[in-house]
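Undergrad: fold the following, please.
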Amino acid sequence: MSTDTQTLDTDAVAAYLTKVLPDFEGPIEAQKFNVGQSNPTFLLKTPKKNYVLRRKPPGILLKSAHAVDREFRVQSALYGTDVPVARMHVLCEDDDVIGSAFYVMDHIDGRNIGQPAMEGASPEERGAVIDEMNRVLAALHSVDVDAVGLSDYGPPGNYYERQIGRWTKQYRASETDDIAAMNTLIAELPARMPDVTERRLVHGDYRIDNMMFERNGPRCLAVLDWELSTIGHPLADLAAVIMQWQMPATAEARGLAGIDRKALGLPTDEEFVAKYCERRGLDGIDDFGFYLAFCFFRMAGIIQGVYKRALDGNASNPERAMRMGQSVTLFAEKGLEALEG
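TA: Numbers count the residues shown, from 1 in each chain. Next up is the predicted model:
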């Protein structure tokens, strides 16, 4: 049983899968993906086919974080709908097998696009990929949660009230520095909160690098990384895309700030929002600044948790986590800008 986030006991995994997964044949060769901060993820190569394993990191964790059981449940429910996801195989909640809970799913043989600017692509290709991203998001928010068995996947009530409360607590639990902008957001976001009752499935971290596309085309093969998914309010996902694009165009931030979008064939924020509204039959959005501010606030809270884990020596990708930690202030300040602007 290993407590290391960087390695995997392949013999233990193979022995377990031989018992529970029909047609599985070892041995396993494991390779860790260096993307993603929360749940360590491994490619499992076997003589017959490849799988992907996602596990909880070992150690003391924030309550409700790293919920691999929820990731497994939501993707199982969505398989076969208009929202593309990998096929789920096995959820193991017995910590004795490898030291923490994990699940195994199909490996999707596609391409992961790390940056929305898509260096080297043609304007037409970029436009098609972003339009597919928009289509999948609208499809996700059109899922009938009762029909797919997810009506109890999140509690009732105001999603933003719940999330602001949750991420304020998570942030305070992992706080390392006093950030004035974050304190202001924590005080002011509840006062601006819309009275929303719509309950939809939301991804919680919807962005281009959490998607797999076909190798030679724009079609999305799978949406990945469902750890933050819940029943909530769809405009939080939409605003999260816009939040990402407003960040610097660096490898770390993955934004589009300062880029000539028209020349690259990329839509403006307004065009992307308008297309989404058209697909969902919405007549515009009131106070989009609140939703955007909320996303910056929540991301600051998430990154603060990643940073604290790195300081505690318990991050999935420690070097990157330490670098990310320096950006908490930037997200908080951008959130305040959105709220005031």
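Undergrad: ok now do the closest residue to Ser327 other than its chain neighbours, which residues does it touch?
TA: Nearest non-adjacent residue to Ser327, counting by CB to CB, 6 or more residues apart in numbering: Ile303, 6.2 Å away. Glycine gets a C-beta too; all of them are placed from N, C-alpha and C. Shown in contact with Ile303 (CB atoms under 8 Å, 6 or more residues apart in numbering): Met324, Gly325, Ser327, Val328, Phe331.
Undergrad: need the pLDDT of Gly36.
TA: Gly36 is assigned 58 on the pLDDT scale.
Undergrad: shouldn't Pro116 be in contact with Ala253?
TA: No. Using CB atoms under 8 Å, Pro116 makes no contact with Ala253, being 10.6 Å away.
Undergrad: tell me where this protein has helices.
TA: 10-20, 68-78, 123-140, 159-174, 180-192, 235-245, 261-264, 269-280, 288-311, 318-325, 328-340 (DSSP state H).
Undergrad: could those go into a markdown table alongside distance to Ala101 and mean pLDDT?
TA: Putting those into a markdown table (distance: least, CB to CB, whole Å; pLDDT from 0 to 100) gives the following:
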| stretch | distance to Ala101 | mean pLDDT |
| --- | --- | --- |
| helix 10-20 | 12 | 97 |
| helix 68-78 | 5 | 97 |
| helix 123-140 | 25 | 98 |
| helix 159-174 | 20 | 95 |
| helix 180-192 | 31 | 97 |
| helix 235-245 | 26 | 97 |
| helix 261-264 | 41 | 97 |
| helix 269-280 | 34 | 98 |
| helix 288-311 | 17 | 93 |
| helix 318-325 | 21 | 79 |
| helix 328-340 | 28 | 95 |
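Undergrad: how much space between the residue nearest to Ser327 and Ala332?
TA: Ile303 is 10 Å from Ala332, where distance means CB to CB, to the nearest Å.
Undergrad: report the buried residues of stretch 78-97.
TA: For stretch 78-97, the neighbour count (16 or more other CB atoms under 10 Å) marks 78-79, 81, 83-86, 88-92, 97 as buried.
Undergrad: pull the number of nearby residues for Trp52.
TA: Just so we're on the same page, residue 52 is Val rather than Trp. 18 (other CB atoms under 10 Å).
Undergrad: again with Pro116
TA: 24.
Undergrad: Ile242 versus that one, what's the distance?
TA: Plainly put, Pro116 is 11 Å away from Ile242 if you go by CB to CB.
Undergrad: kindly report the same for Ile303.
TA: Taking CB to CB as the measure, Ile303 falls 18 Å from Ile242.
Undergrad: repeat for Thr7
TA: As judged by CB to CB, Thr7 and Ile242 stand 38 Å apart.
Undergrad: what does Asp287 give?
TA: Asp287 is 14 Å from Ile242, by CB to CB.
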